[in-house]
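*Asks:* Any chance you could fold what I've pasted below:
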Amino acid sequence: MAGRHINDHQVRLFMTNRRNDPVALAAAKAGFSSATAYRVLQDTRPPSQRRTPRSRRRPDPLAGIFDEVVVPMLEAAPGLRPIAIFEELRRRYPETVFGSRRTLERRIRDWRAMNGQDREVIFRQVHEAGRLGLSDFTCMDDLDVSIAGQPLDHLLYHFRLPCGGFEHGHVILGGESFVALAEGLQNALWSAGGAPKLHRTDSLSAAFRNLDADARIDLTRRYDALCAHYGMEPTRNNRGVAHENGAIESAMAISRLP
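*Replies:* The predicted structure is shown next:
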């Protein structure tokens, strides 16, 4: 149609039909005129490859200023806001027109995207109901719990469903072990009235400590059997990466705040 640019698909369709049809018919099938068809035959490149990059139509208002003045300011103080830089440029060069403030903001945004400080990448977790349950052991020594004047040596088993926020705590007299995990986990599931699809713990390094290879294999089998009994898939976060259990670590940290 007149007044519209042809696209790559139309050119490919025209060239395919041109094998068997006259130019006028092939052009009609592709949706453009015979005159356009003859121009396509003179240059068979797709339209997307013929376009030349758009050049600047106006002088750059920040030429000789952005790289020489603005960039050093951004490097020296990465947190500077564009409005502050714009006001500083107006103070230093009162007779110079820098274009609109938006021009400077876009230029600073593009520079920061390519040369600015690296930003921490965060993937927000979306928890589904009934999908995940987490277990963790926490040392309670800093609370100075005592009975009859004697310090109580204990741990707290903590279970949490991150979607609904259900939590269960269980006092463990002694160290971290499979027996302690099994007792606390079963009490938590009975209290919740069901079991999630996945059950996640840390690396359980304390439970495996001082065990030989056969005992470790046996402990792993018993843990897998416990999860299978409740229809859960056992998962673990990577060793030394506690934030992978953040949905339960953060809840415990908040509950212990004074």
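*Asks:* where are the low-confidence patches of the stretch 101-250 of the chain?
*Replies:* Counting by pLDDT under 70, the stretch 101-250 of the chain contains low-confidence ranges at 119-125, 141-142, 203-212, 238-250.
*Asks:* quick one, helices of it?
*Replies:* 101-115, 178-192, 205-208, 213-229, 246-255 (DSSP state H, counting those that start in this stretch).
*Asks:* so can I have JSON lines of those helices showing mean neighbour count?
*Replies:* (Each C-beta comes from the backbone N, C-alpha and C, glycine too.) JSON lines is the format used below for those (neighbours: other C-beta atoms under 10 Å):
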{"stretch": "helix 101-115", "mean neighbour count": "14"}
{"stretch": "helix 178-192", "mean neighbour count": "17"}
{"stretch": "helix 205-208", "mean neighbour count": "15"}
{"stretch": "helix 213-229", "mean neighbour count": "13"}
{"stretch": "helix 246-255", "mean neighbour count": "15"}
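*Asks:* JSON lines for those helices, including distance to residue 151?
*Replies:* Output for the helices of the stretch 101-250 of the chain, formatted as JSON lines (distance: least, C-beta to C-beta, whole Å):
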{"stretch": "helix 101-115", "distance to residue 151": "54"}
{"stretch": "helix 178-192", "distance to residue 151": "19"}
{"stretch": "helix 205-208", "distance to residue 151": "20"}
{"stretch": "helix 213-229", "distance to residue 151": "29"}
{"stretch": "helix 246-255", "distance to residue 151": "21"}
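*Asks:* Residue 132 is nearest to which of those helices?
*Replies:* helix 246-255 (7.7 Å; C-beta to C-beta).
*Asks:* out of the helices of the stretch 101-250 of the chain, nearest to residue 20?
*Replies:* Distances from residue 20 to each of the helices of the stretch 101-250 of the chain were compared by C-beta to C-beta, and the smallest falls on helix 101-115, at 49.6 Å.
*Asks:* Run through who's touching the closest one.
*Replies:* 61-62, 66, 70-71, 74, 82-83, 85-86, 89, 98 (C-beta atoms under 8 Å, 6 or more residues apart in numbering).
*Asks:* again, but for stretch 57-66
*Replies:* Contacts for stretch 57-66 (C-beta under 8 Å, 6+ apart): 70, 89, 93, 96-99, 103-104, 107, 111.
*Asks:* how far is that stretch from where the chain is centred?
*Replies:* Computed by C-alpha atoms, centre = their mean, to the nearest Å, the chain-centroid distance of stretch 57-66 equals 37 Å.
*Asks:* repeat for stretch 13-21
*Replies:* Here stretch 13-21 is found 48 Å from its chain centre; the criterion is C-alpha atoms, centre = their mean.
*Asks:* now stretch 86-94
*Replies:* In this view, stretch 86-94 has its centroid 39 Å away from the chain centroid, taken as C-alpha atoms, centre = their mean.
*Asks:* Show the average pLDDT along it.
*Replies:* On average, the pLDDT along stretch 86-94 is 87.
*Asks:* Would you mark the buried spots in it?
*Replies:* 86, 89 (16 or more other C-beta atoms under 10 Å).
*Asks:* show me what contacts the nearest residue to residue 127 once chain neighbours are set aside?
*Replies:* Taking C-beta to C-beta, 6 or more residues apart in numbering, and ignoring the residues beside it in sequence, residue 127 has residue 163 as its nearest neighbour in space, at 4.1 Å. For residue 163, the set of contacting residues under the criterion of C-beta under 8 Å, 6+ apart consists of 127-132.
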